[in-house]
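J.: Sequence and predicted structure are below.
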Amino acid sequence: MKKIHIILLVLIAGAIAVLISFLQTTTTYDTVQTAMEKPGKFVHLMARWDKAQPMEYDALKNPNYLSFTAVDTLGKSVKVVYHNPKPENFEISERLVLKGKYTAEGYFDCSSIQTKCPSKYKDDMKAAQKNAQHNAATGSANTETK
């Protein structure tokens, strides 16, 4: 074999190894039900805080303990225990990305919480759509000339 063939085979083998390592590290968002079916396995849950259920957090007693109930998009709920300080914008978040493991004790042991807050552009988008409809109806456009 020529040197170029050997180099190409090594590069192809390296590319395959990189792709396999990426496939093993990728994760998807799971539901509460699928997380319960895989106890002890690290998963990402997309859920929201169930405000009807009590939240247990006392910054003076133990600032590194937060317990609340999360509900996924299918309506299934799970108790979540988080051993870090409560995220600052936890109360105003629309959705939460919870990273952790479902335990045999019947709760989700969360290692990380990422909050998804309401978009500050929602009202701007409505105003922009209204402006676009007005411009389409009147035949005018807001253009800037130099």
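T.: On my side now, so go ahead.

J.: pretty sure Glu91 is in a helix, no?
T.: No - applying DSSP: H, G, I helix; E, B strand; the rest coil, one finds Glu91 to be coil, outside a helix.

J.: what's near enough to touch it?
T.: Listed by CB atoms under 8 Å, 6 or more residues apart in numbering, the contact partners of Glu91 are Trp49. C-beta: built from backbone N, CA, C; applies to glycine.

J.: could you measure Pro39 against Ser77, distance?
T.: 17 Å (CB to CB, to the nearest Å).

J.: Where does pLDDT dip in the protein?
T.: By pLDDT under 70, the weakly predicted segments of the chain are 24-27, 119-132, 134-146.

J.: Let me see the ranges of the strands in it.
T.: With DSSP state E as the criterion, the chain has strands at 29-30, 42-49, 56-58, 62-72, 77-82, 95-102, 108-116.

J.: Save these as TSV, and put in distance to Glu88 and mean neighbour count too.
T.: Below are the strands of the chain laid out as TSV (distance: least, CB to CB, whole Å; neighbours: other CB atoms under 10 Å):
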stretch	distance to Glu88	mean neighbour count
strand 29-30	23	16
strand 42-49	14	18
strand 56-58	13	12
strand 62-72	12	17
strand 77-82	14	19
strand 95-102	13	19
strand 108-116	8	16
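
J.: For Ala13, which of these is the nearest?
T.: Ala13 lies closest to strand 42-49 among these, at 28.8 Å (CB to CB).

J.: So what touches the closest one?
T.: Residues outside strand 42-49 that contact it (CB under 8 Å, 6+ apart): 27-32, 34-35, 55, 68-73, 78, 90-91, 93-102, 108.
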